[in-house]
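Peer 1: Just the structure for this:
(chains A and B)
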Amino acid sequence: MHKDNQPLIFEITREGRVGYNLPELDVPEVDIASLLPQGMQREEEAELPEVSELDIMRHYTALSNRNHGVDTGFYPLGSCTMKYNPKVNESVARFPGFANIHPLQDESSVQGAMELMYDLQEHLIEITGMDEVTLQPAAGAHGEWTALMMIRAFHEANGDLDRTKVIVPDSAHGTNPASATVAGFETITVKSDENGLVDLEDLRRVAGPDTAALMLTNPNTLGLFEESILEMAEIIHGVGGKLYYDGANLNAVMSKARPGDMGFDCVHLNLHKTFTGPHGGGGPGSGPVGVKSDLIPFLPSPVLVKEEDKYTFDYNRPQAIGRVKPFYGNFGINVRAYTYIRSMGPDGLKAVTEYAVLNANYMMRRLEEHFDLPYNRHCKHEFVLSGRRQKKLGVRTLDMAKRLLDFGYHPPTIYFPLNVEEGMMIEPTETESKETLDAFCDALIQIAKEAQEDPEIVQNAPHTTVINRLDETKAARKPVLRYTKA
Amino acid sequence: MKHRYLPMTEQDQKEMLDVIGISSIDELFADIPEKVRFNGEYNIKPAKAESALLKELATLADKNADSKKYASFLGAGVYDHFKPIIVDHVISRSEFYTAYTPYQPEISQGELQAIFEFQTMICELTGMDIANSSMYDGGTALAEAGNLAAGHTRRKKIIISEAVHPEYIDVVKMYAKGQNVQVVTVPIKDGLTDLSKLEELVDEETAAVLVQYPNFFGQIEDLAKVEQLTHAQKALFVVSTNPLALGALTPPGKFGADITVGDAQPFGIAEAFGGPHCGFFAVTSKLMRKVPGRLVGETTDEDGRRGFVLTLQAREQHIRRDKATSNICSNQALNALAASVAMTALGKKGVKEIAIQNIAKTHYAKQAFEKAGFEVPFQGAHFNEIVVKVNGSIADGNKALLEKGIIGGFDLGRMNSDLKNHVLIAVTEQRTKEEIDALVQEMGALHA
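Peer 2: The predicted structure is shown next:
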């Protein structure tokens, strides 16, 4: 990797170069000024680049070389399930019959797409143990909010207007309380106990007639299975609330426990995590929502239904919450997830979870001597170490994360969940080999040793990347959010 | 079982179990209470080998009528535009598509710089000061703009024109419901927002006025007048736009828009049955700290080298949790990259040329329809869509057009009974004169 600045595309532009061509206009030319009302014709041109096609390819190839993806190397970013993104998924999503179809075409001309969506829904219903699934939400957080709006509509339909509170564990992902707020609820936090699980006493204390729902990830963000899930369901259902399953960690329990059997009333899935939609540098994702029967009337409209051999969108849903997104969801990501599920089959999905969990436990045991392990029991697909031992030596978890970059790894998720001091959340996934896991563990063990013997090498890391640690304070204090010609 | 994505061998498994100190994988799941344990395997279709699955799914895809084979005149928010071939080559680089959010800037400079460039291009096209890294799509971006305005002005009413995409209006209403914000719609007159009705409706309780430019009927709204009515009541002026049209049209920023949103799908992004597309969200500097989603900013490292980071994160859900004003987490980075490549390929000259071609071809189609005896009821200036009044069922007509290799326009009667027998026809630069002539001729035969 070069340590030189990579010029912005705007800095290599030269007047007169082009990177495109269009067919000659085959209809008569028009005088735009006469067709547009006064003042509506653009006067100043947008300062977009002027570059040749090779300039563009070199530019983006150089940028890609300054980026680390799963195909570059190990990416154990906890809670993000950075597994291999199969290439066959990419090919299928690019079939013209999937990529180049319009959402408002006559239904008779898109039956193949609708059949795929329907069959994906059927598969997700079985996987989650729910009664119905919508593919409309665009991402996990969008799915959370969709489900909460359905819960709100459910309570309102029952005349239950005082259910204003959503309970969220202190270990929850930030989107949970944010989604609750955006859906118009107040968030109540329930504490974790000394074992890292939801404190049942505290849950009983906070649950009541104002409870709309409990949002829960299981296993939780510490990678621990909430063993008392049935008691929790009983507490929440007992006060008339609904149980919401955040499917971020579904990779841990496929074929082992289904949200629908654990007492959950609704669930969102992250198809870009468990089901290999590529993360795309931040998205697009896909966040289908599954529900039990009493929430079905509230599903966003339209609902995809099968009538004999024909698929159709049902818009006649008087109790539907409305529409959370134009059209039918992130179809392209759903095609990838469907291709993956069909590639794996039932035995494959079971093996996915078993190996993901085996890999995580193996790493946890290899690393436990060298770092603090706040919750010492079998984990699921991920585990959380604490760097407090190293912190006493002046080496923070952030430093260790940066040092991992020198070994060619993407670091784990750090400083999350919030209830672990100097946390490092490691999720290996099932697609990594034992050699990769061993090499990563060796690197972390070496870093722990460096923290004792040569802390500066860790504190000043990274040493090998194209750029050193960046001044984030400066970025926030004097924001420069776009290029401006000097 | 052996699977090509799963490298675990029996030997690996044995060695790993030894290190953990257990004898079987099942022990790792012993903490799942028996009552909720799922035993056995899912009742789903069995695994299919790569070649067989490709064949099956190719057959399924072939059941659909796609715009590679058919001449599509369907727009209504999703368009068949020229996609430079290099777009797919760039977004197929797996260093981009297999990465996640650039949390570690030292090994994510490529993604961060690409987004910084995207932000700049969106600012250039829209005439706004600041753009974020992308939103799910144009509809949710507009809805978030409504909520931003309500929060910013502490007012609880937003006004939206009925000349906005009807599905966008639905999404705006949905988001507003979550925040207990009232949504009032302004009717249309001659295919444009009825400005006298708007003037009656906008008041000191109004948080924002939302219009679309070009609007859902392809017509070009009088943004100067809407701005005046909106700002007179200190409400925020929100414009949902087609960024490709801005190659030829005066950008919303010039008209004093506070927020400009839209979908970058026209730039190199597949129609893909409606998603994933790529919302964008651009604002004036004044609203910088209210923007939802991720922002990339420029800074330096300790040696003074330029670099890029995610910045102003104090706005976002993972910091603010229940104090957040938006819950958006992931964005559409890969599609923002696709749009960036397309905007770069078209560049300063191409974006203007392509926009003008759209106007010219649509103008040609309009004249052809009128010459063939059709009524084109809305006679205002248009971009790449026109409304044509027809006799007989549009749904039936569209089925017949499919037989002729044509994907017909959008039946406006589906959204508004006043517009029964009106079809919205989109003519992008992709349509040839022969295709336009064929459409007019076939529709003449079907809807005479």
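
Peer 1: could you pull out the helices for chain B?
Peer 2: For chain B, the helices defined by DSSP state H cover B:10-20, B:50-62, B:86-91, B:94-97, B:109-126, B:138-153, B:166-178, B:195-201, B:223-232, B:317-320, B:333-371, B:394-403, B:433-446.

Peer 1: and the residue of the stretch 151-300 of chain B found nearest chain A, what pLDDT?
Peer 2: Checking the stretch 151-300 of chain B residue by residue against chain A with CB to the nearest CB singles out B:Gly274 as nearest, at 2.7 Å. (Each C-beta comes from the backbone N, C-alpha and C, glycine too.) Model confidence at B:Gly274, given as pLDDT, is 98.

Peer 1: returning to that earlier point: of all the helices of chain B, which one is nearest A:Pro284?
Peer 2: helix B:333-371 (6.1 Å; CB to CB).

Peer 1: Is A:His279 in contact with B:Phe96, as I believe?
Peer 2: No - proximity of A:His279 to B:Phe96 does not meet the contact threshold set by CB atoms under 8 Å, at 10.0 Å.

Peer 1: Relative to A:Arg204, how far out is A:Val168?
Peer 2: When distance is defined by CB to CB, to the nearest Å, A:Val168 is 16 Å away from A:Arg204.

Peer 1: Neighbour count: those two, which is higher?
Peer 2: In this comparison of A:Val168 against A:Arg204, neighbours counted by other CB atoms under 10 Å in any protein chain shown, the higher total goes to A:Val168 at 28 against 15.

Peer 1: Within its sheet, name the partner strands of the helix or strand containing that one and how each one runs.
Peer 2: Secondary structure assignment for A:Val168, by DSSP states H and E: strand A:165-169. Within its sheet, and counting by DSSP bridges, strand A:165-169 is paired with strand A:186-190 (parallel), strand A:211-216 (parallel).

Peer 1: Just send those back as a markdown table, with mean pLDDT and mean neighbour count too.
Peer 2: Supplementary listing: the strands paired with strand A:165-169 in a markdown table, determined by pLDDT from 0 to 100; neighbours: other CB atoms under 10 Å in any protein chain shown:
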| stretch | mean pLDDT | mean neighbour count |
| --- | --- | --- |
| strand A:186-190 | 96 | 18 |
| strand A:211-216 | 98 | 26 |
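
Peer 1: Nearest to B:Ile319, out of these?
Peer 2: Taking CB to CB, strand A:186-190 is the member of the strands paired with strand A:165-169 nearest to B:Ile319, at 14.7 Å.

Peer 1: Output that closest one in PDB with nothing but the alpha carbons.
Peer 2: Coordinates of each C-alpha in strand A:186-190 appear next as PDB, following Å, rounded to 0.1, in the frame of the first residue of the first chain:
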ATOM      1  CA  GLU A 186     -40.400   6.000  25.800                       C
ATOM      2  CA  THR A 187     -37.500   3.600  26.500                       C
ATOM      3  CA  ILE A 188     -37.000   1.900  29.900                       C
ATOM      4  CA  THR A 189     -33.700   0.100  30.500                       C
ATOM      5  CA  VAL A 190     -33.600  -3.200  32.300                       C
END
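
Peer 1: helices or strands next to the helix or strand following it in the packing?
Peer 2: Sequence order places helix A:200-206 as the next helix or strand after strand A:186-190, per DSSP H and E. In terms of contacts (3 or more CB pairs under 8 Å, 6 or more residues apart in numbering or on different chains; DSSP states H and E), helix A:200-206 is packed against strand A:186-190, helix A:229-238.

Peer 1: Between the two ends of stretch B:367-387, how far is it?
Peer 2: One end of stretch B:367-387 sits 12 Å from the other (CA to CA, to the nearest Å).

Peer 1: follow-up on the earlier one: residue contacts, the residue of the stretch 151-300 of chain B closest to chain A?
Peer 2: The neighbourhood of B:Gly274, defined by CB atoms under 8 Å, 6 or more residues apart in numbering or on different chains, consists of A:His102, A:Pro103, A:Pro326, A:Phe327, A:Tyr328, A:Gly329, A:Phe331, B:Val78.
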